[in-house]
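J.: How does the following fold in three dimensions:
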Amino acid sequence: MAQSMLLYWGSGSPPCWRVMIALEEKQLQGYKHKHLSFDKNEHKCEEVKALNPRVQVRSDSAFKSQGTRLIPDDPAEQALVYQRVFETNNLQQKMCKCPQQSTHFSSKNMQTSSFSCCFSCSAFKSQGTRLIPDDPAEQALVYQRVFETNNLQQKMYDVAFYEWYVPEGERHESALKRNKESLIAELKLWDGYLEKMGKGSYLAGKNFTMADVVCFPVIAFFPRLHLKAVSDIPDGSNICTVFCSDDVAFYEWYVPEGERHESALKRNKESLIAELKLWDGYLEKMGKGSYLAGKNFTMADVVCFPVIAFFPRLHCPPERCPRLMEYYKMLKDRPSIKASWPPHWLEKPEGQDNLKNL
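T.: Prediction:
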């Protein structure tokens with residue numbers, strides 16, 4: 001099976017690294033792969049665009065019966081694995097890109113609700129509508145749309161509720177314009193998905209699935225907010241976009257110089273510190289030597305480790321997250337992780353000191 005697979009990947013990208021760890025754990029070595037250079041913008045080539053219009057390097061696969069069992073069968077254990085998988089996005093966002101969001105409209109709530117939906121499907125698989133199909137290819141598309149919904153939701157909130165999120169002194173016309181364009185592009189992408197499926201289809205095919213459960217509540221906002229078409233976002237409209245690229249580790253990469261604010265960076269450092277305490281608490285509760293969701297290595301570890309690995313690399317003070325650093329040391333020599341370690345990290349083991357003053 002591995003020989004029939006082709007993986008596009010970029011060195012140091014957490015999404016790519018996750019897939020590579022999972023393939024190692026599932027004993028699927030020997031797959032074909034193509035290393036894409038981010039510096040040369042190879043991830044934006046036509047070959048990748050044909051597979052993924054967002055030009056983000058990623059992969060979708062489902063291999064249940066081979067190698068390490070990354071998703072346990074027990075519903076309670078499975079629930080914790082899914083919870084940690086969905087929560088990883090919070091940690092990654094706060095390290096890299098920290099949106100200024102209200103609690104009510106945060107992507108964290110979307111992740112938590114998606115986890116609850118997935119858990120309900122596992123715990124009550126044979127009851128009511130089958131929202132997660134058994135066929136691996138169909139299942140992959142459902143999960144892809146579930147996870148992609150966060151992009152649509154965030155860009156819609158960033159447009160409709162700008163003044164709720166961003167303090168007045170941190171608003172910029174350039175950011176508003178950039179994010180309007182981002183929302184328009186996202187809407188065209190989802191329109192394309194449905195056009196490709198054909199008239200009368202749901203998001204992932206002819207059947208109503210978890211993709212529709214997760215995405216419809218977001219789509220329902222568009223007619224409610226009188227956004228009838230992407231052309232309905234005029235310049236100067238009261239429907240504005242939020243500037244959501246304030247960050248901690250890569251602040252100067254994301255934020256144009258004229259839009260940077262010390263108040264935003266300070267707020268997001270505090271947010272990241274609080275998130276690290278939360279994850280340290282998870283591991284402390286699990287007990288010494290445990291993985292993120294229990295005594296076994298699971299999909300939660302596959303998804304989260306590539307994010308955690310950035311903290312020591314970027315010189316985060318170990319005392320900020322002692323349990324996470326113990327977890328990092330425990331996992332960094334695991335065969336699947338060593339085999340997939342980013343090549344440029346091997347050449348240059350230490351990164352920039354972006355987090356040393358956290």
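J.: Pull the number of nearby residues for Ala264.
T.: Neighbour count for Ala264, taken as other CB atoms under 10 Å: 22. All C-beta spots, glycine's among them, are computed from the backbone N, C-alpha and C.
J.: ditto for Gly258
T.: Around Gly258 there are 8 residues (other CB under 10 Å).
J.: dump the residue contacts of it.
T.: Taking CB atoms under 8 Å, 6 or more residues apart in numbering, we find Gly258 in contact with 172, 174.
J.: What pLDDT is listed against it?
T.: On pLDDT, Gly258 comes in at 77.
J.: Against Ala175, how distant is it?
T.: 10 Å (CB to CB, to the nearest Å).
J.: ditto for Glu77
T.: 43 Å.
J.: likewise Val302?
T.: Using CB to CB, Val302 is found at 34 Å from Ala175.
J.: higher neighbour count, these two?
T.: More crowded of Val302 and Ala175, by other CB under 10 Å: Val302, with 27 against 23.
J.: quick check: mean pLDDT across the helix or strand where the more buried one lies?
T.: Assigned by DSSP states H and E, Val302 belongs to helix 299-308. For helix 299-308, mean pLDDT rounds to 86.
J.: how about the CA coordinates for that helix, as CSV?
T.: Extracted in CSV, the C-alpha atoms of helix 299-308 (Å, rounded to 0.1, in the frame of the first residue of the first chain):
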residue,chain,number,x,y,z
MET,A,299,-3.2,10.3,17.4
ALA,A,300,-3.2,13.1,20.1
ASP,A,301,0.6,12.7,20.3
VAL,A,302,1.0,12.5,16.5
VAL,A,303,-0.8,15.8,16.1
CYS,A,304,0.6,17.7,19.0
PHE,A,305,4.3,16.8,19.2
PRO,A,306,5.3,18.8,16.1
VAL,A,307,3.9,21.9,17.8
ILE,A,308,5.5,21.2,21.2
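J.: which other helices and strands contact the helix or strand just after it?
T.: For helix 299-308, the following helix or strand on the C-terminal side (DSSP H and E) is helix 310-313. Counting contacts by 3 or more CB pairs under 8 Å, 6 or more residues apart in numbering; DSSP states H and E, helix 310-313 packs against helix 322-331.
J.: in the helix it packs on, what's buried?
T.: Neighbour counts over helix 322-331 (16 or more other CB atoms under 10 Å) mark 323-328, 331 as buried.
J.: can you put those residues in CSV and add pLDDT?
T.: Shown next, in CSV, are the buried residues of helix 322-331 (pLDDT from 0 to 100):
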residue, pLDDT
Arg323, 95
Leu324, 93
Met325, 95
Glu326, 96
Tyr327, 95
Tyr328, 95
Leu331, 95
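J.: Would you check which pair of those lies furthest apart?
T.: Arg323 and Leu331 (12.7 Å; CB to CB).
J.: Low-confidence regions, the stretch 51-200 of the chain specifically.
T.: 52-71, 73, 75-76, 78-80, 82-83, 85-120, 123, 156-165 (pLDDT under 70).
J.: what about 50?
T.: 58-65, 97-108 (pLDDT under 50).
J.: where exactly do the helices run in it?
T.: 75-95, 107-123, 136-160, 162-165, 173-197 (DSSP state H, counting those that start in this stretch).
J.: What is the neighbour count of Glu259?
T.: Using other CB under 10 Å: Glu259 sits among 18 other residues.
J.: these two touch, right, it and Leu176?
T.: No - using CB atoms under 8 Å, Glu259 is not in contact with Leu176, being 10.7 Å away.
J.: who are the neighbours in contact with the residue lying closest to Ile132 once chain neighbours are set aside?
T.: Once flanking residues are discounted, Ile132 sits nearest to Cys121: 4.7 Å by CB to CB, 6 or more residues apart in numbering. By CB under 8 Å, 6+ apart, the contact set of Cys121 is 131-132, 210.
J.: can you give me how far stretch 210-217 is from the chain middle?
T.: Distance, stretch centre to chain centre, for stretch 210-217: 17 Å (CA atoms, centre = their mean, to the nearest Å).
J.: With stretch 30-47 instead?
T.: That offset, for stretch 30-47, works out to 20 Å (CA atoms, centre = their mean).
J.: one step back: would you check how far apart the residue nearest to Ile132 and Leu6 are?
T.: Counting by CB to CB, the gap from Cys121 to Leu6 is 30 Å.
J.: now swap in Asn41 and tell me
T.: For Asn41, the distance to Leu6 - CB to CB - is 20 Å.
J.: Output stretch 30-44 as PDB - backbone C-alpha positions only.
T.: Extracted C-alpha coordinates of stretch 30-44, given in PDB (Å, rounded to 0.1, in the frame of the first residue of the first chain):
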ATOM      1  CA  GLY A  30       8.600   3.200   1.500                       C
ATOM      2  CA  TYR A  31       6.000   5.700   0.200                       C
ATOM      3  CA  LYS A  32       6.900   8.100  -2.600                       C
ATOM      4  CA  HIS A  33       7.500  11.600  -1.400                       C
ATOM      5  CA  LYS A  34       8.300  15.000  -2.800                       C
ATOM      6  CA  HIS A  35      10.200  17.600  -0.700                       C
ATOM      7  CA  LEU A  36       8.900  21.100  -1.400                       C
ATOM      8  CA  SER A  37      11.000  24.200  -0.400                       C
ATOM      9  CA  PHE A  38       9.000  26.900   1.300                       C
ATOM     10  CA  ASP A  39      11.800  29.400   0.700                       C
ATOM     11  CA  LYS A  40      11.400  28.800  -3.100                       C
ATOM     12  CA  ASN A  41       7.600  28.800  -2.900                       C
ATOM     13  CA  GLU A  42       7.500  25.300  -4.300                       C
ATOM     14  CA  HIS A  43       4.400  24.600  -2.200                       C
ATOM     15  CA  LYS A  44       2.500  27.100  -4.400                       C
END
